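**Student:** Any chance you could fold what I've pasted below:
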Amino acid sequence: MVLKLDDFRADGGVHPGWEEVFRFLEAQDVTATIGVIGEGLEEPRQEAVDWLLARDARGHELWNHGYCHCRSGEGTAHVREFRGRSLAEQQAAIARTQYLGERMLGITFSTFGAPYNSTDANTARVLADRDDVRVWMYKDTSEEAAPSRKSPLPRIAAVNIEYPVHIPDFESFRAGYAAHRDEPVLVIQGHPRSWVDDPARMEEFRRIVMFLKAQGARFVTPTEAVREREAASSANDPAAAREAGR
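**Tutor:** Down below sits the predicted model:
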C-alpha cells in the first residue's frame, strides 16, 4: 500500500490536519508520503521545513506535487497545471519544484504526481528529460497517447481513501479493496487538511489504516514499491538480471 497524501504548502506552516495524521501514522509505525507544492517552498516557514525534514528522516517520502496547483478556464478551455499548458510551462513547473526541494530541503524528489491527477503528452515529454524523477503516480494519459519510460504507479479509481474527494469513507474503501486486493500495489489518495475539522473524517481514515494493518498490508513509499517491482521482474528475467548487475 502507498498512502498518497496531497497538498502540503510549507509557506503556511504545518496545518493541524497534517500534524494529526502523522501523529497517528507514526504511532502505528505506518509509512506514508507527502505531496509538496513547490510554490510553498519559495518562502517556507521554518517550522514547516523542520517538520518535513523530520518526516523524511522517519522514512516517509516527500514528492513533487507540481508548482502552483493551479487551474483556469471552464469547459473546453479548462486548463490545469499539467494538462493543456505548453511544454515550456510544464518544464518550468517541474524544474522549479525540483530546484526548491533541493535548495530548501536538501531533498531530490524522485516521485511526481500531478495536481488534480491531470496530465497530457507534454507532461510525459518533460519527465522523459529528467533523470532525477523516476516514479510517476497516477499517470492518467494512456501509453499510446503519451508513452513514458518512467515507472508508473497507476490509479484504481474504485480503491481510494476519499469518496468523494476530501471525505474518507471506510465502507466504500473496503468494497473497492475487496475487488482489487490481489493487485501487487495499491496507491490510495487523501487530503489531510480536509479531515481535521470533522472528527468523523479523521476516524474514517483511522479505520481504513487499522483495517489494512489487520489484513497484513505493507505500507511502502512509491520509490520502494517500484524498486521491489523491478527487483522481482529482474529475478524472473535472467537477461535483465545480468544487465542490472553490470
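**Student:** going forward, measure contacts between C-alpha atoms and count neighbours the same way
**Tutor:** Will do.
**Student:** quick one: low-confidence ranges for this protein?
**Tutor:** Where the chain drops to pLDDT under 70, the residues are 75-77, 237-246.
**Student:** The same query, at a cut-off of 90, please.
**Tutor:** Low-confidence segments of the chain, defined by pLDDT under 90: 71-78, 140-151, 229-246.
**Student:** for it, what's the longest strand?
**Tutor:** Secondary structure assigned by DSSP state E gives strand 2-8 as the longest strand of the chain.
**Student:** who does that strand pair up with?
**Tutor:** Partners of strand 2-8 in the sheet, by DSSP bridges, are strand 33-36 (parallel), strand 187-190 (parallel).
**Student:** C-alpha coordinates for stretch 110-127, PDB please?
**Tutor:** Output in PDB follows, covering the C-alpha atoms of stretch 110-127 (Å, rounded to 0.1, in the frame of the first residue of the first chain):
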ATOM      1  CA  SER A 110      12.200  11.100  -7.100                       C
ATOM      2  CA  THR A 111       8.400  10.800  -7.500                       C
ATOM      3  CA  PHE A 112       6.000  13.100  -9.300                       C
ATOM      4  CA  GLY A 113       2.200  13.300  -9.000                       C
ATOM      5  CA  ALA A 114       0.300  16.000 -10.800                       C
ATOM      6  CA  PRO A 115      -2.300  18.300  -9.200                       C
ATOM      7  CA  TYR A 116      -5.800  17.000  -9.900                       C
ATOM      8  CA  ASN A 117      -4.100  13.900 -11.300                       C
ATOM      9  CA  SER A 118      -4.400  15.600 -14.700                       C
ATOM     10  CA  THR A 119      -1.600  15.200 -17.300                       C
ATOM     11  CA  ASP A 120      -1.000  15.200 -21.000                       C
ATOM     12  CA  ALA A 121       1.600  14.300 -23.600                       C
ATOM     13  CA  ASN A 122       3.700  17.300 -22.700                       C
ATOM     14  CA  THR A 123       4.000  16.000 -19.200                       C
ATOM     15  CA  ALA A 124       5.400  12.800 -20.500                       C
ATOM     16  CA  ARG A 125       7.900  14.700 -22.600                       C
ATOM     17  CA  VAL A 126       9.000  16.800 -19.700                       C
ATOM     18  CA  LEU A 127       9.600  13.800 -17.400                       C
END
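**Student:** Residues touching that stretch, excluding its own?
**Tutor:** With Cα atoms under 8 Å, 6 or more residues apart in numbering as the test, stretch 110-127 has contacts from 35, 63-66, 69-70, 80-84, 86-87, 90-91, 132-141, 145-148, 150, 222-223.
**Student:** make it 7 Å
**Tutor:** With Cα atoms under 7 Å, 6 or more residues apart in numbering as the test, stretch 110-127 has contacts from 63-66, 69, 80-83, 87, 90-91, 132-141, 145-148.
**Student:** Restrict stretch 173-186 to CA atoms and write it as PDB.
**Tutor:** This file holds the C-alpha atoms of stretch 173-186, laid out as PDB (Å, rounded to 0.1, in the frame of the first residue of the first chain):
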ATOM      1  CA  PHE A 173     -12.900   1.800   0.600                       C
ATOM      2  CA  ARG A 174     -13.500  -1.800   1.900                       C
ATOM      3  CA  ALA A 175     -15.700  -2.600  -1.000                       C
ATOM      4  CA  GLY A 176     -13.100  -1.300  -3.500                       C
ATOM      5  CA  TYR A 177     -10.300  -3.100  -1.700                       C
ATOM      6  CA  ALA A 178     -12.200  -6.400  -1.700                       C
ATOM      7  CA  ALA A 179     -12.400  -6.200  -5.500                       C
ATOM      8  CA  HIS A 180      -8.800  -5.300  -6.100                       C
ATOM      9  CA  ARG A 181      -6.900  -6.800  -3.100                       C
ATOM     10  CA  ASP A 182      -4.800  -9.100  -5.400                       C
ATOM     11  CA  GLU A 183      -3.100  -6.100  -7.100                       C
ATOM     12  CA  PRO A 184       0.600  -6.100  -6.200                       C
ATOM     13  CA  VAL A 185       0.500  -2.400  -5.300                       C
ATOM     14  CA  LEU A 186      -2.500  -0.100  -4.400                       C
END
